[in-house]
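Q: Predicted model, plus sequence, below.
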Amino acid sequence: MLDIQSIREDFPILSHKVYNKPLIYFDNGATTQKPRAVVEKIENGYYNVNANIHRGVHFLSQEATEAHEEARKTVQRFLNARSAQEIIFTRGTTESINLVASSFTDACMSAGDEVIVSVMEHHSNIVPWQIQAARKGICLKVIPMNERGELQIDAYRQLFSERTRLVAVAHVSNVLGTINPVKELVEIAHEQGVPVLIDGAQSVPHMKVDVQELDPEFYVFSGHKVYGPTGIGVLYGKEEWLDRLPPYQGGGEMIATVSFEKTTFNELPFKFEAGTPDYIGSTALAEALRYVDRLGMEQIAAYETELLRYATEGLRTIAGARIFGEAAQKGAVLSFLIGDIHHYDMGMLLDRLGIAVRTGHHCAQPLMQALGIEGTVRASFSFYNTKEEIDTFIAAVDRVRKMFSL
Ligand code: PMP
């Protein structure tokens, strides 16, 4: 069992007030709050261990290099990757997907080749492929979903052709909360000899992810959604695939030798880490991963699932409530509308009551088009949220409903 009250003390921002009301932070899908240990790691990094890493012969540089490479090993263990070389530090999920989209397209695709994505993708897993489509003439195919917001596996099977080169899907939808059956999706793709990229932005913070068990070729996530700092994220890639791909950016760190006639590239993982890496961010991300690991990913998942069940039950008691995403397997994301109250009005009024939710299309406009709506109100939970906060939230939503005399 998690001791929520003592966990909350690790997150100073949670005791803040907004508009003189206790802050209720239900925007964890967008970013999570940071525990003291992570902030202190950043502070300590700049105060005591700051020097540019690699190549430096001096003490501080070696210490900073060791900390950065130790952070890589922490990520490796967290995802259960085979080797630390399979862990590339990036700026986040978006950059990781852009890296794969660019390098994979260059190495493995030509005009007419196809990438399969799903209808519930974040723009970060649509637009990078569209940019490559414009450059190289590749095409996107889209896995549809049923009315509960679950991907249709039979339709997915039908999408494969001899031109399919890659599948790129979210592990957990940031709008519907659907936990996609990634292992099955990967198995089906592998039967066709097709590699898979999984967008783990919304899964890594909430459940145990084992890349060897799920077996995708690429798995990506953002540090800031898993209680780490902004500006750092991860691309996991199977070594044989990362070896096949050309560098994404050129510059320092990623080279072996440079002359005006010919440049050779560094080995993994450095081939994909051009420029000075965020070596403070990487160590703070590792600290965040240690933090959630200490709590236990199974305990986190169980507690958040209970919060979701409780909030869903509460919301269902409100007249005119429509919930978007009712998959059998769901993460702690609750997207909804009440009658014809605009999502933006609901979000602004909840804000006045101290409750932070997200409103709008959640960077998933094609999904909004499939649902036939412009946007939703989204409450997304973390292990530091409580049932009391959900009670306050449900009462507030009902209060807003009454203001609109519904
Ligand atoms: N994919 C999903 C499913 C997301 O929820 C998000 C963040 N909302 C992203 C990608 C993009 O993450 P980032 O902005 O950290 O790169």
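A: On my side now, so go ahead. Since the structure is predicted, the reported quantities are computational estimates derived from the model, not experimental observations. Residues are numbered from 1 along each chain as shown.
Q: What residues does this structure have near the ligand?
A: Taking CB under 6 Å from any ligand atom as the test, the list of the chain residues beside the ligand reads 92-94, 122, 124-125, 170, 174, 199, 201-202, 222, 363. Glycine gets a C-beta too; all of them are placed from N, C-alpha and C.
Q: List the residues that contact the residue nearest to residue 85 when sequence neighbours are not counted.
A: Counting by CB to CB, 6 or more residues apart in numbering, residue 268 is the residue found nearest to residue 85 once chain neighbours are left out, at 4.2 Å. Residue 268 is in contact with 85, 86, 88, 239, 242, 243, counting by CB atoms under 8 Å, 6 or more residues apart in numbering.
Q: next one: residue 244
A: Residues counted as contacts of residue 244 (CB under 8 Å, 6+ apart) are 107, 108.
Q: sorry, back to before: quick one: which of the contacts of residue 268 is nearest to residue 349?
A: Checking those against residue 349 by CB to CB gives residue 88 as the nearest, at 42.8 Å.
Q: contacting residues for the closest one?
A: 96, 99, 234, 235, 236, 237, 242, 268, 269, 272, 273 are the contacts of residue 88 under CB under 8 Å, 6+ apart.
Q: And it, what's its pLDDT?
A: pLDDT recorded at residue 88 is 98.
Q: part of a helix, is it?
A: No: counting by DSSP: H, G, I helix; E, B strand; the rest coil, residue 88 falls outside a helix, being strand.
Q: If it is in a bridge, with which residues?
A: In this entry, residue 88 is beta-bridged to residue 235, by DSSP bridges.
Q: For it, give its distance to the ligand.
A: According to CB to the nearest ligand atom, to the nearest Å, residue 88 and the ligand sit 14 Å apart.
Q: got it, and residue 379?
A: Residue 379 sits 15 Å away from the ligand, going by CB to the nearest ligand atom.
Q: In contact with that residue: list those residues for me.
A: Listed by CB under 8 Å, 6+ apart, the contact set of residue 379 reads 26, 311, 333, 334, 336, 357, 393.
Q: got the contact list for the one residue in the stretch 251-400 of the chain that gets nearest to the ligand?
A: The ligand sits closest to residue 363 of the stretch 251-400 of the chain, with a gap of 5.8 Å, by CB to the nearest ligand atom. With contact taken as CB under 8 Å, 6+ apart, residue 363 is in contact with 122, 123, 124, 174.
Q: okay, it: pLDDT?
A: Residue 363 carries a pLDDT value of 97.
Q: Phi first, then psi, for it.
A: Backbone torsions of residue 363, given as degrees, to the nearest 10, read phi 50, psi 40.
Q: How about residue 219?
A: phi -140, psi 130.
Q: quick revisit: tell me the most packed of the contacts of residue 268, by neighbour count.
A: Ranked by the number of neighbours (other CB atoms under 10 Å), these place residue 88 first, at 27 neighbours.
Q: Make CSV from the contacts of residue 363 and add secondary structure, distance to residue 78 and pLDDT to it.
A: Formatted as CSV, these follow (DSSP: H, G, I helix; E, B strand; the rest coil; distance: CB to CB, whole Å; pLDDT from 0 to 100):
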residue, secondary structure, distance to residue 78, pLDDT
122, coil, 22, 98
123, helix, 26, 98
124, helix, 21, 98
174, coil, 21, 98
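Q: Kindly indicate which of these lies nearest residue 346.
A: For these, the nearest to residue 346 is residue 174 (18.4 Å; CB to CB).
Q: which residues sit in contact with the closest one?
A: Residue 174 neighbours (CB under 8 Å, 6+ apart): 29, 122, 201, 202, 333, 362, 363, 364, 380.
Q: Is residue 378 bridged to anything, and to what?
A: residue 335, residue 358.
Q: ok, it - how many residues close by?
A: By the measure other CB under 10 Å, the count of residues near residue 378 is 26.
Q: Check what pLDDT the closest residue to residue 10 other than its chain neighbours gets.
A: Take residue 10 and drop its neighbours on the chain: the residue closest to it by CB to CB, 6+ apart is residue 35, 4.2 Å away. pLDDT for residue 35: 98.
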